[in-house]
Structure formats: C-alpha cells, structure tokens
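1. sequence plus predicted model, see below.
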Amino acid sequence: MFPIQSSPDVRKISGALASDIRSDPRWDLVERILLTPPFQKSAHLHALLSYLAEHSIQGKPDGLTERQIGIAVFGKPAYYSPAEDSAVRVYVRQLRLRIHEYFAQNGRNEALLMEIPKGSYTLEFRDAVPLLSPRYSSALVRQTERARARLNHVMKVLFWIAVAAAVVCAAGWYRASRTVSHVRVPWPLDAVIQPVRQTRVVVSDSSLMLRLLGQHEITLNDYLQPDYRKSLIPPHLPENLDRLMDYVTDSQLTSFADLTTISTLMRLAGPLNSQLVLSSARDLDRRDLERGNYVFVGSPTSNPWVALFADKLNFQEMEQSVGGRMYFLNRNPLPGEEKQYQGLVSTGSTGEDYASISVLPGEIGQGNAMILQGLRQEGTEALSAFLADANDREQLEQAVKRRSNSDSPYFEALIRSGAVAGAPVSVNIVAVRSIRP
C-alpha cells in the first residue's frame, strides 16, 4: 500500500482572542481576507489562516510548527507524524495561493500586505508602498537625467528585442498547440483522454478493507457520510490496534495494481498526460461529476463510485458475502457464456482471475467515464497490461465492432487472466457488450 494524501478533519480552534489583537491593523487585514468567498467556502483554509495569524501577531512561534498546526487545526492525534501525513503542507500551499489571489483582486488597494514565506509558517506583514522622502542634490539630479536618457535608449533596444522574442514565442506556441490539439491517444482511451477536457483518475480507497472487521456492506450513500470510517471499527480495541485503525482511516492508501494502471494511462496519454488529475475515491464529490472525463479504478467494494453505473453494466462484480468469494455476474448470458465468472480465492494465489473494462457516458455531466475493475489485484494488474499492449487493444476493438451495430464508443468487456503466485501471466477476452448512450 502507498500513501497518497491525507484529508484531515476540521476541528474548531478554541480560545478567545485577546483584546489587543482585535485592535491590531494586521488582524483587521486578516478578518477582511477571511470574509472573501474562498475562505467562506473552505473551513480548512479559514481555520488555518486564523490560527497562523493569531500566533504570528501575538509572537507565539512555538505553535507554528507543522506538527502543532496539524494537531491544533486539523485535529491530528498526539502521535501524528508530519513525515507520513502532508496535510499541513498541502493546505499551506493552497493558503499561499489564496492570499496571492486576494492581493491581486479584492485587496489590490490594501495599504498592508501579508505573505507566508517559503519554509516558514509565520505570517509576515509589510507596507504596500513604503513612504520615502529622499532629498536630492543638484548633482544627483543631473546624474539622474543622464541615466534617464541612457535608460530610454536601452528601453528602445529592449522593446524591439521583446517584440522579436514575442513573435518567436507566439510561433512556437502556435505550433505546439496545433501539435497537442491533433494528438490522439490509442483506442479506447481516446474516449476519456482528450485535449478539450480534463480527466480525473479516481483510484480505490483501501480503508474500505476495514469493513471486514465488522462484516459491513458499504453503499455509496454510506461512503458519503463524514463518519463512515469510524463506524467500521469495532469498539474497545486494544490501544495498539486502535492506533493502527486510526492510521488506516486517516491515511489514504492504494494498491500496487492501481499504481501500475496509473502508469499505463500516463504512458498512453503521451503529450496529453497533463490532462490527467489523480484523486482518491474519498476526495471525490458528486458535484465534481458535472464536468470532465473520469477513469474509475477499482470495484464497488474498493471504489463505491462505480455503483453509480451499475444499472448500465451487464457484467457486475459481486461478493458472496463480506470478504467472501468474488465473481462477475453475467446478467444476460449469450450462447456459450457462463452465468458467473469466479476469480481467485484470495490475492496472491494461483488460478484464474477476471476483470472488466467499461466505457460509458458520464453519469451527470457531458464527459465520458471508464471503469477498470478486477476481482482481485491480479485482475486489475492484468487489465493494465492488456491496455498497454497494442495487439490486445486491436483485438478488443475488433471484438467490440463485431458486437456493436452502431458507431457508439461505449462498451464493456470481460477479461480473463491467468495468475501464478499472485502475478498475472496471461490475458484474453471472454465477452463483450455494446452500451447504448
């Protein structure tokens, strides 16, 4: 498992502000910034700026360490380690950006400026326009006039150099933009990786493995509840296990199979790999689905967002019981097909495993969605290798065309892989279906 990024809970910072800080012009500036929409919409950023400002203005550097900020602002436990959880650094980077945007827009007329220097969590304040009263001698004035004349000549030269450079840059940008706009990634990824839309790759959430402790089934509605992870942990655990459960629930982990899939997607995207944005299932919001394309990696048991598309799929991943044998249900078998396709008993064993690839229209917005799910990690890893191979992609495309009666880009396919000691060694197509828009 590999950590991706932590999403800390927001805790209210206790303690009343001293009266002297409320009359400080620096605090007045902070309050004006906190009233702007970016800080009203984000409780994380609001709490973080309030905390940093209070400790910076009151001269309390002991509270401005990454660990203390994580505990006080994001409610991290006392044993929290900044080396394993980058939440504070991530949000401070966002805070720097929001502060810069404020002074470039709403606060462009502020007499006082504020910033967070790189490598520090202490706010720095300075006057926007220093008040200077220089006294020039006549000799200095003459030197200034001569310098101004030389500067005018230099500026004219630099102007024409800048014009020439702008022409060269514009020509280069035009050629580059035309090149990118004509880039076409291989089928079937061209349905979800495009120059005109961003593609969010949503990987599985391994904290869902905690459902095995209490034999809980997790629906998407359950998953969207703020405290669902805590509800999966049995009460009265020993202290060492309780700390382990806290780490698993607070950290964002994913599997090696997911990482190989991401690597394959980026390689096949070529120059368009900048259009890919990596996200964990737990960081996704339903409103996010209104724009862009999506690639969901994982099954409903590890990536509940896949359940949104269940009614459109013929091959549905099922579980006999929580933590039990997994299989693909063939809802409408065709001649020669089976009703169920069972995979490996457990990850790391030897035998046959199954995976499916689906391309569908977006659930809410105008983009498309691709779902890559395996019964076990071996199936997902084999599916990644299948997509990376040009011959395998061509065979799949021909199979989809034979099955489809239209030019629709939407389809689903069931893939079988052979695994030896947890490593996929072979892969082939079992069945395909066309999906109507």
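-> Done, it's in.
2. and the nearest residue to Gln340 once chain neighbours are set aside, how many neighbours?
-> Nearest non-adjacent residue to Gln340, counting by Cβ to Cβ, 6 or more residues apart in numbering: Tyr327, 4.9 Å away. Backbone N, C-alpha and C define where each C-beta goes, glycine included. The local packing of Tyr327 (other Cβ atoms under 10 Å) involves 19 other residues.
3. ok so Tyr327 is a strand residue?
-> Yes. The secondary structure assignment for Tyr327 places it in a strand, going by DSSP: H, G, I helix; E, B strand; the rest coil.
4. specify the beta-bridge partners of it.
-> When bridges are assigned using DSSP bridges, the partners listed for Tyr327 are Met318, Gln342.
5. tell me the pLDDT at it?
-> With respect to pLDDT, Tyr327 scores 93.
6. now swap in Arg178 and tell me
-> Each residue has a pLDDT score; the one for Arg178 is 52.
7. ok so, going back, Gly343 is in contact with the residue nearest to Gln340, correct?
-> Yes. Look at Tyr327 against Gly343 with Cβ atoms under 8 Å: they come within range, at 6.5 Å.
8. overlap in contacts of the two?
-> With contacts defined as Cβ atoms under 8 Å, 6 or more residues apart in numbering, the residues shared by Tyr327 and Gly343 are 354, 375.
9. quick one on the thing from earlier: state the distance from the residue nearest to Gln340 to Leu213.
-> From Tyr327 over to Leu213 the distance is 23 Å, taken as Cβ to Cβ, to the nearest Å.
10. also Gln373?
-> In this structure, Gln373 and Leu213 are 23 Å apart, going by Cβ to Cβ.
11. and these two? which has more neighbours close in?
-> When Gln373 and Leu213 are compared on other Cβ under 10 Å, the one with more neighbours turns out to be Gln373, at 27 against 15.
12. that one belongs to a strand, doesn't it?
-> Yes. Under three-state DSSP, Gln373 sits within a strand.
13. assign the nearest residue to it once chain neighbours are set aside to helix, strand or coil.
-> Among residues not flanking Gln373 along the chain, Ser299 sits closest, at 4.2 Å (Cβ to Cβ, 6+ apart). The three-state label given to Ser299 by three-state DSSP is coil.
14. could you report the neighbour count for Ser299?
-> Neighbour count for Ser299, taken as other Cβ under 10 Å: 27.
15. ranges for the helices of this structure?
-> 19-22, 25-34, 37-41, 43-57, 66-74, 87-104, 138-181, 211-214, 220-223, 228-231, 239-250, 256-269, 377-388, 390-403 (DSSP state H).
16. one step back: give the contact list for the residue nearest to Gln340.
-> Contacts were defined as Cβ under 8 Å, 6+ apart; by that measure Tyr327 touches 317-318, 320, 340-343, 354, 375.
17. need those in a markdown table with distance to Leu224, can you?
-> Supplementary listing: those in a markdown table, determined by distance: Cβ to Cβ, whole Å:
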| residue | distance to Leu224 |
| --- | --- |
| Glu317 | 20 |
| Met318 | 22 |
| Gln320 | 26 |
| Gln340 | 30 |
| Tyr341 | 30 |
| Gln342 | 30 |
| Gly343 | 28 |
| Tyr354 | 28 |
| Leu375 | 25 |
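18. greatest separation within those residues: which pair is it?
-> The most widely separated members of those are Gln320 and Tyr354, with 14.6 Å between them, by Cβ to Cβ.
19. lowest confidence element among the helices and strands of this protein?
-> Scoring the helices and strands of the chain by mean pLDDT, DSSP states H and E places strand 2-3 at the bottom, with a mean of 37.
20. need phi/psi at the residue nearest to Gln373.
-> Here the main-chain torsion angles of Ser299 (degrees, to the nearest 10) amount to phi -100, psi 170.
21. please apply the same query to the one 4 residues further on.
-> For Asn303, the backbone dihedrals (degrees, to the nearest 10) come out as phi -140, psi 80.
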